[in-house]
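*Asks:* Structural data only, the sequence is not supplied:
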């Protein structure tokens, strides 16, 4: 290869590599953030306490980068598992569905009235 061709090939390579920049990933959702941290004294990754409008506590475990929720009223019982197909979409399970809006979680189950739960900051 002649020096001129080599120079043009080098410039073309630099220009091409500058144009193939990867798109930036979107800002992480609340669910993705909470899947990796812990909001209660247990230190279990993804576990956060919520308090519902029926004045009952709810433990929410964020799993699978926030696409799976495990809901339980007590840390010693089997959870209700809900999943979402993508971040920001509704979570669904066999008998229940849930949707986030900021730090609030709205839970719907059959013919029962919806229950609204808020992230509990007092541990």
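*Replies:* Good, I have the coordinates. It should be emphasised that the depicted structure is a prediction, and the values quoted were computed from it without experimental measurement. Residues are numbered from 1 along each chain as shown.
*Asks:* from here on, contacts and neighbour counts on C-alpha atoms
*Replies:* OK.
*Asks:* Please, where are all the helices along this structure?
*Replies:* Along the chain, counting by DSSP state H, helices occupy 3-19, 30-36.
*Asks:* Worst mean pLDDT among the ones you listed?
*Replies:* Note on the helices of the chain: lowest mean pLDDT is at helix 3-19, with a mean of 48.
*Asks:* In stretch 107-115, which residues are buried?
*Replies:* By neighbour count with 16 or more other C-alpha atoms under 10 Å, stretch 107-115 contains the buried residues 107-108.
*Asks:* how about low-confidence regions in the protein?
*Replies:* 1-25, 28-43, 122-123 (pLDDT under 70).
*Asks:* all strands in it, in order from the N-terminus.
*Replies:* Secondary structure of the chain by DSSP state E: the strands cover 47-52, 57-63, 68-72, 80-83, 91-92, 96-101, 104-109, 115-119.
*Asks:* of these, which approaches residue 27 most closely?
*Replies:* strand 96-101 (16.1 Å; C-alpha to C-alpha).
*Asks:* now the angle between strand 68-72 and that closest one, please.
*Replies:* 110 degrees (axes from the mean of the first three to the mean of the last three C-alpha atoms, to 10 degrees).
*Asks:* In terms of secondary structure, what does strand 96-101 contact?
*Replies:* On a contact count with 3 or more C-alpha pairs under 8 Å, 6 or more residues apart in numbering; DSSP states H and E, strand 96-101 meets strand 80-83, strand 91-92, strand 104-109.
*Asks:* Can you add distance to residue 73 and give those back as JSON lines?
*Replies:* Formatted as JSON lines, these follow (distance: least, C-alpha to C-alpha, whole Å):
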{"stretch": "strand 80-83", "distance to residue 73": "10"}
{"stretch": "strand 91-92", "distance to residue 73": "18"}
{"stretch": "strand 104-109", "distance to residue 73": "13"}
